[in-house]
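1. Structure of the sequence below:
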Amino acid sequence: MNVLIVHAHENPDSFCTSLCQQTKSNFEAKGHKVTISDLYTQGFNPVAGKHDFKHDTDQGYYKYAFQQLAAVKENTFSNDLKAEMDKLERADILCFNFPLWWFGVPAILKGWVDRVLAYGFAYGGEYGMGETGRFKGKKAFITVTTGSPKDAYHAEGRNKRTVNDILTNIHQGVFELIGFEALTPFVAYGVSRIPIEERKLIIKDYDIYLEKILD
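-> Here you go, the predicted structure:
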């Protein structure tokens, strides 16, 4: 299988980055091919705009989604987007690896979604959505780290919701919308505030989690 990890943490020494590398190692040990899109290292531009296209293909009125559809038909996406699209097309499994910021993903990852999952490429045009989406039969999962402890993420906790609640927008509005099966996420809680012994336990739990995906 081909696995694509879209990694969005600016610190190569972070626990989040170590989980990304652990994902890669585990899948490769089973004989799978793993590609990492390390967005910060790549200097990925999260801002969508006319620079996403090699030339203007609109018909007198500029609308970003229509421009995307035209770029699909005419193969005029910018080189950086075409490279990411090619990675996604090859992937059987997609992983988003990121720290939870403001109940959401870092801007650089949101920009990857905005720009790479283009209209006409990932959905729309000749492709359906949901159960008939382009990536039907493929799987996607999230590996996320948090600053707050686990007890903050429940109905009676400080954040008033679970991490699963927070990630619904990604599961339903990104993965499932374009046809992926959204798997249960792996959450590493409070990693910047816990001792090394607890981090080691998270690493063991993650090995078990990945083994289940591989099975």
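
2. burial measure for L183, as a count.
-> 17 (other C-beta atoms under 10 Å). C-beta here means a position set from N, CA and C on the backbone, and glycine is covered the same way.

3. ok, now which ones touch it?
-> Contacts of L183 were listed using C-beta atoms under 8 Å, 6 or more residues apart in numbering, and they are K139, A140, F141, I213.

4. Spell out the secondary structure type for the third one.
-> Spelled out, it's F141. Secondary structure, DSSP: H, G, I helix; E, B strand; the rest coil: F141 is strand.

5. Give the closest residue to it in space, chain neighbours not counted.
-> L183 (4.0 Å; C-beta to C-beta, 6 or more residues apart in numbering).

6. ok, so what distance separates the closest residue to L214 other than its chain neighbours from L210?
-> Nearest residue to L214, sequence neighbours excluded (C-beta to C-beta, 6+ apart): K30, at 5.4 Å. Between K30 and L210 the distance is 9 Å, computed by C-beta to C-beta, to the nearest Å.

7. quick one on the thing from earlier: pLDDT, neighbour count and distance to I202 added to the contacts of L183, as TSV?
-> What follows is these, written out as TSV (pLDDT from 0 to 100; neighbours: other C-beta atoms under 10 Å; distance: C-beta to C-beta, whole Å):
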residue	pLDDT	neighbour count	distance to I202
K139	96	18	22
A140	97	24	21
F141	97	23	16
I213	89	17	16
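
8. Looking at the residues you listed, spot the one nearest H9.
-> F141 (16.6 Å; C-beta to C-beta).

9. ok, what's across the strand from the closest one?
-> For F141, the beta-bridge partners under DSSP bridges are C95.

10. Tell me who's in contact with it.
-> Applying C-beta under 8 Å, 6+ apart, the residues near F141 are I93, L94, C95, F96, A182, L183, T184, P185, F186, I213.
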